[in-house]
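Visitor: With the sequence up front, the predicted model follows.
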Amino acid sequence: MAGIGFELRKYLDDDSFTGTFKAYGFAGLISAGPWVLSILGVMLIGIVAISQKVGGIEVQQFATSVTWIMGTSLILSGLLQLVFTRYVADRLFEGKDHLINPNLFGALFLTTLVSGGIGVALMIYVFRETFSYEALMVANFVTLSNIWIVVIFVAGLKKFKLILLSFFIGYTATVLLSILLMPYGLNGLLAGMLTGHALLLFMMLGIVIPEYPVKESVRMDFLRRREIFPVLIFVGLFYNLGIWVDKFIFWYTPETSEAIIGPLRASLIYDLPIFLAYLSIIPGMAVFLLRIETDFAEAYDGFFTAVRGNASLQEIESLGNAMILAVRQGIFQIIKVQGITVLALYLLGPQIIKWLGISEKFIHLYYIDLVGVAAQVLMLAVLNVLFYLDRLRDAFWLTLTLMISNAAFTWLSIELGPEFYGYGFGLSMTLTAFVGIFLLSSELENIEFRTFMRKREHLAGA
């Protein structure tokens with residue numbers, strides 16, 4: 001995402017309130033991406049549906065269906081996303097950009113094949129609903145799984161205004177079409193969601209494909225053994241599963257959930273507060289994009305260019321210190337901005353709950369989730385720096401910590417009773433963030449020595 005970050009930093013260079021507002025506004029919308037926009041879209045569709053007196057059960061079935069599609073598609077695509085990202089980054093570093101589009105087509109073909117196969121299998125063996133509902137679920141699942149693959153490329157381009165326009169058109173179409181098709185009930189809502197997401201997918205492809213030459217149709221080079229980093233498969237799986245495992249546990253605990261449609265369940269007490277809390281992620285993600293993905297990326301490039309270019313030790317130490325400073329400033333700014341956001345939303349909590357017409361019983365869980373989401377932004381920033389430093393083993397342990405702790409703490413919170421709901425998610429994210437900071441601090445200590453040792457090991461292995 002550094003490509004967009006460097007472009008947005010031009011607004012910061014204006015040194016004006018308007019320029020700063022534009023930079024952080026655009027950065028927040030781009031980095032939050034489809035995840036936050038989809039939450040807002042589903043909420044808006046639900047509000048309109050209720051105002052039009054559409055059956056409440058159909059609105060609940062729609063929201064639950066979309067939530068499950070979102071979570072499962074992220075987990076499935078997570079198996080490939082980081083592996084494919086690494087492949088693309090390596091080819092760009094080598095100047096072999098002619099391989100990008102053919103392998104993108106290959107990744108989309110593989111994603112469609114696997115997600116479609118899983119969807120059809122679930123239709124046949126698990127679901128017992130109408131064919132139209134099941135077909136729409138499979139189509140939405142396949143489309144979203146492909147969107148998560150294409151987003152990799154979109155995040156690296158500098159055409160942020162065109163990207164934002166695509167998001168705006170795609171999600172506006174999703175909401176409007178869902179509302180127009182609302183008289184057709186649940187199938188109409190899902191058809192509107194499918195059309196909007198399909199439009200978004202093809203618009204993003206229209207932005208990405210012209211960036212690289214197209215000399216071949218489909219290639220699967222990213223699946224070659226020498227191109228695959230197996231640890232990235234586990235990191236992608238553990239991260240996405242770690243984000244969603246608390247929801248799955250609440251959904252399949254009888255005391256905290258109810259059956260909605262087919263095998264899909266939802267937790268009335270848990271879902272809404274945590275999804276509302278996720279809207280607070282925008283300011284922290286904006287700082288993440290402009291500071292970690294820009295300032296640190298620039299310092300990182302300067303440091304490793306000096307190492308590869310045989311610069312003097314004094315120059316390398318100076319650039320290494322600049323890189324460490326960029327990390328510290330980025331993390332401190334994320335803590336500051338996300339902390340202010342949490343405080344503001346904490347104070348506004350009663351008004352927000354009242355405005356949405358939600359029971360005041362939700363407010364305690366909402367407060368806890370705000371802290372958990374803030375810690376998640378910090379953990380994501382640390383994880384990203386570990387990726388830059390090629391500390392894949394540390395990323396593996398960090399995401400494994402996330403998955404195990406979120407599952408264990410969430411299960412324990414349910415055992416302890418309703419007053420402890422949400423603490424599992426909050427404690428897990430906080431613990432993982434601190435573990436990440438510890439791992440990163442250990443890596444940055446004597447970074448020059450560690451870098452030269454790895455370079456020496458690499459040369460010896462070669």
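Guide: Alright, I've got the coordinates.

Visitor: Tell me the gap between whichever strand or helix holds Phe250 and the middle of its chain.
Guide: Per DSSP states H and E, Phe250 falls inside helix 230-251. Put simply, helix 230-251 sits 12 Å off its chain's centre (C-alpha atoms, centre = their mean, to the nearest Å).

Visitor: Next, the buried residues of that helix.
Guide: 232-251 (16 or more other C-beta atoms under 10 Å). C-beta here means a position set from N, CA and C on the backbone, and glycine is covered the same way.

Visitor: again, but for stretch 356-376
Guide: The neighbour-count check on stretch 356-376 (16+ other C-beta under 10 Å) flags 362-363, 365-376 as buried.

Visitor: for stretch 169-183, same thing?
Guide: Residues 170-171, 173-175, 177-179, 181-182 are the ones in stretch 169-183 that count as buried (16+ other C-beta under 10 Å).

Visitor: Among those residues, name the ones in helices.
Guide: With DSSP state H as the criterion, helices contain 170-171, 173-175, 177-179 from among the buried residues of stretch 169-183.

Visitor: and which of these is nearest Thr401?
Guide: Proximity of those to Thr401 (C-beta to C-beta) peaks at Tyr171, which lies at 33.5 Å.

Visitor: Check the separation of the first and last residues in stretch 93-109.
Guide: End-to-end distance for stretch 93-109, by C-alpha to C-alpha, to the nearest Å: 25 Å.

Visitor: Can you name the residues in contact with it?
Guide: Residues outside stretch 93-109 that contact it (C-beta atoms under 8 Å, 6 or more residues apart in numbering): 80, 84, 87-88, 91-92, 146, 149-150, 153, 208-209, 212-223.

Visitor: Whichever of those residues end up buried, select them in ChimeraX.
Guide: Buried residues within those, by 16+ other C-beta under 10 Å, are selected in ChimeraX with:
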select :80,84,87,88,91,146,149,150,153,208,209,212,219,222,223
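
Visitor: Go through the contacts of stretch 93-109 and flag which are in strands.
Guide: Under the assignment DSSP state E, the contacts of stretch 93-109 contribute nothing to strands.

Visitor: helices or strands up against the host helix or strand of Leu194?
Guide: In this structure, Leu194 sits in helix 185-208 according to DSSP H and E. Counting contacts by 3 or more C-beta pairs under 8 Å, 6 or more residues apart in numbering; DSSP states H and E, helix 185-208 is packed against helix 17-51, helix 56-94, helix 131-154, helix 160-180.

Visitor: need those in JSON lines with distance to Met204 and mean pLDDT, can you?
Guide: Output for the helices and strands packed on helix 185-208, formatted as JSON lines (distance: least, C-beta to C-beta, whole Å; pLDDT from 0 to 100):
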{"stretch": "helix 17-51", "distance to Met204": "10", "mean pLDDT": "70"}
{"stretch": "helix 56-94", "distance to Met204": "14", "mean pLDDT": "88"}
{"stretch": "helix 131-154", "distance to Met204": "5", "mean pLDDT": "91"}
{"stretch": "helix 160-180", "distance to Met204": "6", "mean pLDDT": "81"}
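
Visitor: ok so, going back, which of the buried residues of stretch 356-376 lies closest to Phe438?
Guide: Nearest to Phe438, judged by C-beta to C-beta, of these is Ala375 at 14.1 Å.

Visitor: Double-check that that closest one belongs to a strand.
Guide: No: according to DSSP: H, G, I helix; E, B strand; the rest coil, Ala375 belongs to no strand; its state is helix.

Visitor: and the angle from the helix holding Phe250 to helix 56-94?
Guide: Angular relation of helix 230-251 and helix 56-94 on a 0 to 180 degree scale: 170 degrees, by axes from the mean of the first three to the mean of the last three C-alpha atoms, to 10 degrees.

Visitor: Does anything pack onto helix 230-251? Which helices or strands?
Guide: Contacts defined by 3+ C-beta pairs under 8 Å, 6+ apart place helix 230-251 against helix 56-94, helix 268-278, helix 392-416, helix 423-444.

Visitor: Switch the ones you listed over to TSV, and while doing so, append distance to Ala286 to every line.
Guide: Below are the helices and strands packed on helix 230-251 laid out as TSV (distance: least, C-beta to C-beta, whole Å):
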stretch	distance to Ala286
helix 56-94	21
helix 268-278	15
helix 392-416	23
helix 423-444	18
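
Visitor: and of those, who's closest to Gly196?
Guide: In terms of C-beta to C-beta, the element of the helices and strands packed on helix 230-251 nearest to Gly196 is helix 56-94, at 11.3 Å.

Visitor: buried stuff in the closest one?
Guide: By neighbour count on 16+ other C-beta under 10 Å, the buried set for helix 56-94 is 58-88, 91.

Visitor: same check, this time on stretch 418-435
Guide: Judged by neighbour count using 16+ other C-beta under 10 Å, the buried positions of stretch 418-435 are 421-433, 435.

Visitor: Output that stretch as PDB - backbone C-alpha positions only.
Guide: The C-alpha trace of stretch 418-435 is given here as PDB (Å, rounded to 0.1, in the frame of the first residue of the first chain):
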ATOM      1  CA  PRO A 418     -22.600 -12.700  30.300                       C
ATOM      2  CA  GLU A 419     -20.700 -10.000  32.300                       C
ATOM      3  CA  PHE A 420     -17.500 -11.300  30.700                       C
ATOM      4  CA  TYR A 421     -18.600 -11.400  27.100                       C
ATOM      5  CA  GLY A 422     -16.200  -9.500  24.800                       C
ATOM      6  CA  TYR A 423     -13.300  -9.700  27.200                       C
ATOM      7  CA  GLY A 424     -12.000 -12.700  25.200                       C
ATOM      8  CA  PHE A 425     -11.700 -10.700  22.000                       C
ATOM      9  CA  GLY A 426     -10.300  -7.600  23.800                       C
ATOM     10  CA  LEU A 427      -7.700  -9.500  25.800                       C
ATOM     11  CA  SER A 428      -6.600 -11.600  22.800                       C
ATOM     12  CA  MET A 429      -6.000  -8.500  20.600                       C
ATOM     13  CA  THR A 430      -4.200  -6.700  23.400                       C
ATOM     14  CA  LEU A 431      -2.000  -9.700  24.200                       C
ATOM     15  CA  THR A 432      -1.200 -10.200  20.600                       C
ATOM     16  CA  ALA A 433      -0.300  -6.500  20.100                       C
ATOM     17  CA  PHE A 434       2.100  -6.700  23.100                       C
ATOM     18  CA  VAL A 435       3.700  -9.900  21.800                       C
END
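
Visitor: Report the rounded mean pLDDT for it.
Guide: Here stretch 418-435 scores 93 as its mean pLDDT.
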